[in-house]
Structure formats: C-alpha cells, structure tokens
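Undergrad: Here is a sequence with its predicted model. Questions after.
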Amino acid sequence: MQPLLTTDNASSSFQSLHYNAYLNSVNPETLALECRDGTCESSSLSPDGKRLTYKLKPNLVWSDGTPLTSADYKFTFEKMMDPKVEYRPRALTATAIEAVEAPDPLTVVFVLKDPGFCPALLFTNINPIPKHIFENLDINDNPQNLKPTVGSGPWLLKEWVKDSHAIFEANERFRFGRPNFDRYVIKIVKDQNIEYSMFKAGEIDSISLRAEQWQEAQSLPNVTTYRYYSPGSGYTYIGFNLQHQVLSDLRVRRAIAHAIDRKSIIDRIRLGFARPVNSIITPSSWAHDPTVPAVDYDPARANQLLEEAGWRRPINNPQGTRVKDGRELKLRIFYNTGNKDREQIATVAQANLKQVGIESEIIAEEFSAFLNRVNQTKDFELIILGWTQTLDPNSGRSIWTTGSGQNSIGYSNPRVDELYDQAAKVPGCKESDRQPLYAEIQRLIAADQPYVFLYEPESLLALHNRIVPNPLTKIGISYRIWEWYSRTGQ
C-alpha cells in the first residue's frame, strides 16, 4: 500500500482505491491528459518551457480532514528523489524533473530539466502521499505501508487479510463526493477457475475473464461482457536474464525465440483473443512501428543458431539435450503462481524448447516472491511477465535504458539510451515527429532480442448486471468508478 515502493499492477490496483489525487486524468475519448478528474484546476507552461505550474482545485482534503495542498506534492517528489527511499523509477523521474516548488497551498510548480520536454504532463502527474502522516516515518518500513490510515481515494482500506481479502470503505471526504458503493471488496483467489466459479455463483460482481471462459460468460443470465484493446493493454513476454552466461549470446536468445510457437500460444491459450507483438510498443499506441520484423516459429533456424553457438546434440543421442564444454543446456522458466495463461505459456515453451534440444524446468512462485526474484536477486534465466503501457512511450525508458529501475533483465544499448533522450525533446512535440525515433528504438531492441515478444491480450471483462458502470470507451469501462452504482440499491 506504499505507492513509492511498488511498480506492479497488483499493488497499484489496491493503492488507486485509497490514494487518488493525481493532478491530471486521461480523457477516455481523446486520451489527452487533462485536469477534469484530477486535482488540478489549470496548468500552464512558462515561456521558456522550464516551469510547469498547476493550480489546485480549492478545498481538497485528506480523508481525516487535513487540507491536501501543494506541500504534499512537494514532499512526495522529494521522497521519490531521496536515495534512502527504495523508489525504483527514480532515475527516470530525475531525467524529467529538477525540483518541485510549493509557493502557496494551491500552487505546484515543476522545474523541468529541459525545456520542451514532451511527456511533461505524464511525468509531473504525481499521486501524493500525505505529508502529515509520513514526514517523520521511514518510507521503506513503517506500519502505514501495510495499513494506511489516511487517503485521498474514493474508498479507504479498512481491512486486509493476506491471501483472503481486502475491504475498502467509502471515503466521505472524497473530492467528487461520497462514492455510490459503501464498500469495495477485493477477494484474493489464487486459482482463476475458482474465481470464475465464484463469479457464476454471484459471490463476486466483476471479473477479468480467461479466453476459454468468454463464450460461456456471454450466455450467463444477469451478466454483461466487454472486450476491447486499449492503449494501456500492454503485452505478455518471455524475458531473458541478459547477465546469464548462456543467454548473453544473441544466437541462443534468437534460437529460443524461433523455437517458441507464438501462433499456437495465441490460438490454444488465448483462443484468438490476442494479437502477436514484435516489439516493445503494441499496435494500440501511436508510436507503434508495424515494420519491425517478426521472429517467426522456425525450429530449423533455431537448431542452426544453437549449432553456430556451439551447443551440440550428443552423438549417441541426436534427440537429447544439447551440450557445450561439458555443460548441458538447461534453463529455468519462472512465472507467478495462479496465472493460468502464464502457466500454459510455460508448458508450451517447455515443449517447444525440448524439440530443439533445450531442457527447461518450470517453476511457479507466489507473486511477491516472484517479483523479488526478478527485481532483487536476479536469480533466473527465463521469466514470463507482462507490461502495461502508458499513453506516452517515454515511460519505456525506465525499462530499456541502461541501469534504470525497471530494467530487471540488464539490457543496455547506448544508441537506445540516446534515442529515448531525443524522442522526449522533439521541438513542437508532435506525435508524427516523435514516432520515427520510437520506431528506431523498437527496431534496435527487437534486433537485440531481450524478450520473446508474445502477444497483446484483448481485455475480456464481465460484470453482474446489477452493477452499472460507465459506457465503454477507448480506455474501457474502469474509469470514474466512484460513479458506478447498483440497480438494486444493494
């Protein structure tokens, strides 16, 4: 529950209910960042392009009645930049913002590192934590990180029982008024089949469907289904540990990519509710480059590359595990337990790799342990994960530039580092002028093969008909959820 210490979507889904004081919000139709649903009343850029000033809406308060002011934004930024705080995207944020000023309670000024920084609205869109609660606490380790007592969101965390549930209760002081639902309950269900059974039984109201559940869900009484691709849908991938001795060889990585049957994965696991991706930016984004070459399923080419890399089949066992310098080609594939799609991807990948002489072990881990392995210990060969996208592709900088906080696989390409800088500072900031730079980034990263790029999943959602959400838009239905209501009044 501490936004400064987490970057995973699971944590964010909890935090966004309790903390919701972003300066800007995304317009669901135009996809522009604007003040309407944020805490800002207006924003303006100084003539020299160095100072972005936000005026806050009046009468903003935290849930305990304490005024929510510019001091909270300044405090939060300073903690983000504090080297003692384990804020992983620090380097990325530091490339954009030099300082935050709070000249009066309703004015927040961001001093930008460079004039004409195109993603300025995105990078300054801070969601603050309350200064009066955290200013005398260790951000890395304090009781508020698990059980926060003060928030700014439509609901506030009241109870969290590990591996069971989290209960959020309506915030009477939310800036748009008390939400329509008294409580928002998240049930922790480790198995997606059990989750679906609970949905059919009416024990839960909202669910992200797996592909094989879609057809039945459409026929269920009192259920409405939704499917769409959104600019934030992201992609699923198999990532390589580039610091691993075996996987540091591009030929081995490219061989593995050719060995994985992506079409089979999309057809068998997603049942067609996905589209293949070949690069770090999906077709949903304006920055996508459709000309990035695909690494198609080609076991013959995979075998050839492994031979070139010195990995040979045993003479007495031409179908056996490849060997080099007396070492067998064995790799581990990690994924988070309970995710059926990733479990099946691991199974398909294991079979595909065996066909070309690579032995692999599949290991499922509880999500927090899995993230610790990926982000901290780096003790892995292959991982199955996914990224969601933001509206501005510059956010990929934290994943793909040398030494950045979300660069868990150890990727480094100096030209990519340069291009991210250039693409963020294109004069005039037109998407059409920035796109060629992001296209080159995509081609360079794809050529380095740091991932096996798999697919962009189509969002498949189902809601009980008693729940009335907002209309389906370019970003789906999950916006302004405090406006959702119940037809039954229960």
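TA: Arrived safely.

Undergrad: Spatially central, which residue of this protein would that be?
TA: The centre of the chain sits closest to residue 388, judged by Cα atoms, centre = their mean, with a distance of 3.7 Å.

Undergrad: Need the pLDDT of that residue.
TA: Listed pLDDT for residue 388 reads 86.

Undergrad: Also residue 368?
TA: 89.

Undergrad: Check residue 190 too.
TA: 84.

Undergrad: so is it in a helix, a strand, or just coil?
TA: coil (DSSP: H, G, I helix; E, B strand; the rest coil).

Undergrad: For it, which residues are in contact?
TA: 163, 337-338 (Cβ atoms under 8 Å, 6 or more residues apart in numbering). Just so you know, the C-beta spots here come from the backbone N, C-alpha and C atoms, and that holds for glycine as well.

Undergrad: Going by neighbour count, which of those are buried?
TA: Buried members of these, counted by 16 or more other Cβ atoms under 10 Å: residue 338.

Undergrad: any chance of the contacts of residue 190 in CSV, plus distance to residue 471 and pLDDT?
TA: What follows is these, written out as CSV (distance: Cβ to Cβ, whole Å; pLDDT from 0 to 100):
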residue, distance to residue 471, pLDDT
163, 35, 89
337, 36, 92
338, 32, 85
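
Undergrad: So which of the contacts of residue 190 is the closest to residue 282?
TA: The nearest member of the contacts of residue 190 to residue 282, counting by Cβ to Cβ, is residue 338 at 24.5 Å.

Undergrad: Show residues contacting stretch 162-174.
TA: With contacts defined as Cβ under 8 Å, 6+ apart, stretch 162-174 is touched by 14, 17-18, 20, 61-63, 65, 151-160, 178-179, 181-188, 190, 482.

Undergrad: Among those residues, which ones are in strands?
TA: Among the contacts of stretch 162-174, the ones falling in strands (DSSP state E) are 155-160, 183-187.

Undergrad: Closest one of these to residue 293?
TA: Of all those, residue 293 sits closest to residue 186, with 41.4 Å by Cβ to Cβ.

Undergrad: Excluding residues flanking it in the chain, which one is nearest the closest one?
TA: Among residues not flanking residue 186 along the chain, residue 166 sits closest, at 4.6 Å (Cβ to Cβ, 6 or more residues apart in numbering).

Undergrad: same thing with residue 408?
TA: Spatial nearest neighbour of residue 408, excluding adjacent residues (Cβ to Cβ, 6+ apart): residue 374 at 5.0 Å.

Undergrad: how near is the one you found to residue 346?
TA: Distance of residue 374 to residue 346, computed by Cβ to Cβ, to the nearest Å: 15 Å.

Undergrad: Residue 17 now?
TA: Per Cβ to Cβ, residue 17 is found 31 Å from residue 346.

Undergrad: do the same with residue 113
TA: Distance of residue 113 to residue 346, given as Cβ to Cβ: 42 Å.
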